[in-house]
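[1] Here is my input; please provide its structure:
(one chain, ligands or ions: 2)
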Amino acid sequence: MIGMFKKISALIITAALCAGLSGCGGAEYLASGEAVRTFYAMNTVMIINAYGKNSEQAVSDVQDRILELEKLWSVTDENSEIYRLDHNYDHGQAVEVSDVTRDVVNFALDISNRTGGALDPTVYPVLSAWGFTGDEYRVPDADELSRLLKLVNYQNVKVTGNKIALEPGMMLDLGAAAKGCASDIAAEILREHGIGSALINLGGNIMTVGTKPDNTGWRIGVKDPGYHEGEKNIGVLTINNNGSGGTAIVTSGNYERFFTAVDGTVYGHIIDPKTGYPVDNDLLSATIISPNGLLCDALSTAMFVLGSEKAAEFWRENSNKLKGFDMLLITKAGGVLITDGISDSFSLTDKTLDLRVIN
Ligand code: AMP
Ligand code: MG
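    Ligands and ions are numbered 1, 2, ... in the order given. Modelled structure (predicted):
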């Protein structure tokens with residue numbers, strides 16, 4: 001069990017895209033230059049499509065690297081850096097980690113800071129109490145939660161160079177950001193191999209590179225978070241990148257992993273670190289779009305915790321500071337809120353929903 005990386009596809013590639021990938025336009029080129037690699041890592045199915053010379057070697061290198069990252073970040077593999085940190089029985093004693101782990105921890109802590117702790121990579125003890133780190137779900141009582149919440153505080157993670165120290169009882173988990181970071185690294189590896197067209201799908205955490213081989217934009221379906229019998233889209237984002245540039249699209253929502261308690265209450269896997277309870281606000285899902293996969297992943301979780309109003313406020317105040325990101329929020333009331341940067345690239349297919357632009 002790799003713990004917290006589990007997430008069922010949040011974004012699905014539309015039928016249109018699949019057709020585009022395997023059939024029409026440039027079939028000859030695809031036959032000679034397409035490589036597809038599917039594998040299981042970080043508790044999810046990953047699919048890498050790359051086009052061009054060297055694509056076979058490129059996707060193979062991506063798979064190897066992602067499996068290495070999983071070994072570093074797994075919360076259950078006793079040899080992982082995160083496991084060593086979490087089970088450092090002399091807590092307070094720093095644990096030396098690799099550069100990539102240091103960087104992703106620092107990035108996550110920075111987003112924790114900017115979001116007032118909506119993202120908190122130390123929420124793991126609370127998550128465990130709910131059973132989201134294993135398979136036996138339960139509803140912890142208020143006393144247990146308030147005791148565990150004392151262990152949750154990103155400000156108590158001390159990073160000095162490559163050394164990280166936690167306080168006694170604290171645990172760190174990169175589940176909310178790991179796949180985003182992995183998608184950035186995957187895109188980089190593909191580019192190093194000269195790949196200018198690729199679609200990286202890490203369990204619904206999407207990174208697009210360049211354009212489709214026929215030079216049209218990638219069409220990425222945004223999943224209907226309220227639909228549980230299979231998958232359905234509420235709309236499609238068309239992504240056009242310059243050159244071999246990339247755009248990530250990452251969605252968070254409590255529909256991805258949840259359980260229903262005996263009283264019928266549904267509890268999801270994203271926890272509000274302020275209360276210790278699974279998020280229950282006006283949102284069904286939060287999607288973030290930007291060139292930076294790690295940013296998208298960290299922010300999608302955080303914006304889902306914040307709810308639509310605070311998320312819109314955060315976007316207005318921080319989008320420029322974070323080099324620009326866009327957002328698509330689906331509310332329980334049947335609203336779709338999109339930031340103005342994607343108003344031209346998003347097309348709503350579920351016309352029962354009410355589309356509004358945030359600016
Ligand atoms: P994501 O699917 O990227 O939104 O990440 C959700 C995962 O992050 C969960 O399965 C937990 O492992 C972890 N998590 C849940 N709530 C939080 C939170 N508020 N801050 C950081 N990580 C969280
Ligand atoms: Mg996330």
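
[2] For whichever residue of the stretch 101-250 of the chain sits closest to ligand 1, the count of nearby residues, please.
    Nearest residue of the stretch 101-250 of the chain to ligand 1 (Cβ to the nearest ligand atom) works out as residue 175 at 3.0 Å. No exception for glycine: its C-beta is placed from N, CA and C like everyone else's. The number of residues packed near residue 175 is 27, by other Cβ atoms under 10 Å.

[3] what about it, distance to residue 169?
    Distance, residue 175 to residue 169, using Cβ to Cβ, to the nearest Å: 19 Å.

[4] Please work out how many residues are found near the residue nearest to residue 121 when sequence neighbours are not counted.
    Nearest non-adjacent residue to residue 121, counting by Cβ to Cβ, 6 or more residues apart in numbering: residue 108, 4.8 Å away. Residues near residue 108, counting by other Cβ under 10 Å, number 29.

[5] Kindly report the same for residue 357.
    Neighbourhood size, residue 357 [other Cβ under 10 Å]: 13.

[6] again with residue 344
    Counted with other Cβ under 10 Å, the neighbours of residue 344 add up to 8.

[7] Need the residues that contact stretch 347-359.
    224, 233-236, 238, 312, 315-316, 327, 330, 334-340, 343 (Cβ atoms under 8 Å, 6 or more residues apart in numbering).

[8] From what I see, residue 108 and residue 178 are in contact.
    No. Counting by Cβ atoms under 8 Å, residue 108 stays clear of residue 178, with 9.4 Å between them.

[9] which regions of the stretch 51-200 of the chain sit below the pLDDT cut-off?
    Nowhere does the stretch 51-200 of the chain drop to pLDDT under 70.

[10] which bits of it sit near ligand 1?
    By Cβ under 6 Å from any ligand atom, the residues of the stretch 51-200 of the chain that approach ligand 1 are 119, 120, 121, 123, 127, 132, 173, 175, 176.

[11] The first one: how many residues sit nearby?
    Residues lying near residue 119 (other Cβ under 10 Å) number 29.

[12] That one: what secondary structure?
    coil (DSSP: H, G, I helix; E, B strand; the rest coil).

[13] wait, what's in contact with it?
    Contacts of residue 119 (Cβ under 8 Å, 6+ apart): 108, 111, 112, 154, 176, 177, 298, 299, 301, 302, 305.

[14] And the residues you listed, which two are furthest apart?
    Greatest spacing in those, by Cβ to Cβ: 154 and 299 (15.0 Å).

[15] higher neighbour count, these two?
    residue 299 (33 against 22).

[16] Against ligand 2, how distant is residue 280?
    When distance is defined by Cβ to the ion, to the nearest Å, residue 280 is 18 Å away from ligand 2.

[17] pLDDT at that residue, what is it?
    We have a pLDDT of 97 for residue 280.

[18] Show me which of the residues of the stretch 51-200 of the chain next to ligand 1 are buried.
    119, 120, 121, 123, 127, 132, 173, 175, 176 (16 or more other Cβ atoms under 10 Å).

[19] Toward the C-terminus from the biggest helix by length in the chain, list the very next helix or strand.
    Selection of the longest helix in the chain by residue count, based on DSSP state H, yields helix 55-73. Following helix 55-73 in sequence order, the next helix or strand is helix 81-86 (DSSP states H and E).

[20] Using CSV, write out every CA atom in that following helix.
    What follows is helix 81-86, C-alpha atoms only, in CSV (Å, rounded to 0.1, in the frame of the first residue of the first chain):
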residue,chain,number,x,y,z
GLU,A,81,12.9,9.0,2.6
ILE,A,82,9.4,10.0,3.8
TYR,A,83,9.1,6.8,5.8
ARG,A,84,12.4,7.5,7.5
LEU,A,85,11.3,11.0,8.3
ASP,A,86,7.9,9.9,9.6
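
[21] Partner strands of the very next helix or strand once past it, with direction?
    With elements assigned by DSSP H and E, the helix or strand that comes after helix 81-86 is strand 95-96. In the sheet, strand 95-96 lines up against strand 163-165 (antiparallel) (DSSP bridges).

[22] And the strands in the stretch 251-359 of the chain, which stretches?
    Under the criterion DSSP state E, counting those that start in this stretch, the stretch 251-359 of the chain contains strands at 258-260, 266-268, 283-290, 326-331, 335-339, 346-348, 354-358.

[23] quick check: mean pLDDT across the first one?
    Think strand 258-260. 94.

[24] and it, does that touch ligand 1?
    No. Counting by Cβ under 6 Å from any ligand atom, no contacts exist between strand 258-260 and ligand 1, the nearest distance being 10.5 Å.

[25] Nearest spatial neighbour of residue 342, chain-adjacent residues omitted?
    Computed as Cβ to Cβ, 6+ apart, the closest residue to residue 342 that is not its neighbour in sequence is residue 326, at 4.4 Å.
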